[in-house]
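**Q** here are the coordinates; sequence isn't available:
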């Protein structure tokens, strides 16, 4: 994952596609979930 030209995370999707990493990348509170081979991301309410 890259944000503003800097690498935030690199490696296997199973270890790097996390709620924390995706939230940092997009600057929003996000939750990542996986069900079998499907991935979803959803936003959380802003504080």
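**A** On my side now, so go ahead. The shown structure was predicted, so the numbers you read here are calculated from the model rather than taken from an experiment.

**Q** Against residue 29, how distant is residue 45?
**A** Distance, residue 45 to residue 29, using CB to CB, to the nearest Å: 8 Å. C-beta here means a position set from N, CA and C on the backbone, and glycine is covered the same way.

**Q** Which of the two has more residues huddled nearby?
**A** Using other CB atoms under 10 Å, the more surrounded residue of residue 45 and residue 29 is residue 29, with 14 against 5.

**Q** Can you give me the neighbour number for the residue lying closest to the more buried one once chain neighbours are set aside?
**A** The shortest distance from residue 29 to any non-neighbouring residue, by CB to CB, 6 or more residues apart in numbering, is to residue 44 (4.0 Å). As a burial measure, residue 44 scores 11 neighbours (other CB under 10 Å).

**Q** Residue 26 is in contact with residue 44, correct?
**A** No - using CB atoms under 8 Å, residue 44 is not in contact with residue 26, being 11.8 Å away.

**Q** Now do the helices in the protein.
**A** For the chain, the helices defined by DSSP state H cover 13-16, 19-26.
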